[in-house]
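Student: Sharing a sequence plus its predicted fold:
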Amino acid sequence: MPMIEVKLYDHRVTEESVPKMIEALTDALHESSGAAKEHIHVVIQGVSPKHWGIAGKPAG
């Protein structure tokens, strides 16, 4: 079972964006690896910028 995990700033995780990301990521992995779409799992998580660090500092 191939699994794709994506973490983004929470403001990018919306009702409109998530289905598009799931479809695009599934299609890309299917085309590049040959894995059957029904076996591909995608998890999208939103993370507050306060909990995301860049260069040793919180991003938010």
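Tutor: Received the coordinates, thanks. Not measured: the values here are computed from a predicted model.

Student: which stretches of this protein form strands?
Tutor: Counting by DSSP state E, the chain has strands at residues 3-9, 41-47, 53-54, 57-58.

Student: buried residues in stretch 47-60?
Tutor: Within stretch 47-60, no residue is scored as buried using 16 or more other Cβ atoms under 10 Å. C-beta coordinates here come from the backbone N, C-alpha and C atoms, glycine included.

Student: now it, how far from the chain's geometric center?
Tutor: 18 Å (Cα atoms, centre = their mean, to the nearest Å).

Student: How about stretch 27-36?
Tutor: With Cα atoms, centre = their mean, you get 16 Å for stretch 27-36.

Student: Please spell out which residues along it are buried.
Tutor: Leu29, His30.

Student: Just the CA coordinates for it, please, in PDB.
Tutor: The C-alpha trace of stretch 27-36 is given here as PDB (Å, rounded to 0.1, in the frame of the first residue of the first chain):
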ATOM      1  CA  ASP A  27      -2.500  10.400 -10.300                       C
ATOM      2  CA  ALA A  28       1.200  11.300 -10.100                       C
ATOM      3  CA  LEU A  29       2.200   8.300  -8.100                       C
ATOM      4  CA  HIS A  30       0.000   6.000 -10.200                       C
ATOM      5  CA  GLU A  31       1.700   7.300 -13.400                       C
ATOM      6  CA  SER A  32       5.200   7.200 -12.100                       C
ATOM      7  CA  SER A  33       5.200   3.900 -10.200                       C
ATOM      8  CA  GLY A  34       2.400   1.900 -11.800                       C
ATOM      9  CA  ALA A  35       0.700   1.400  -8.400                       C
ATOM     10  CA  ALA A  36      -3.000   0.800  -8.700                       C
END
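
Student: which residues sit against that stretch?
Tutor: Pro2, Ile4, Lys37, Ile40 (Cβ atoms under 8 Å, 6 or more residues apart in numbering).

Student: go again using 6 Å as the cut-off
Tutor: Pro2, Lys37, Ile40 (Cβ atoms under 6 Å, 6 or more residues apart in numbering).
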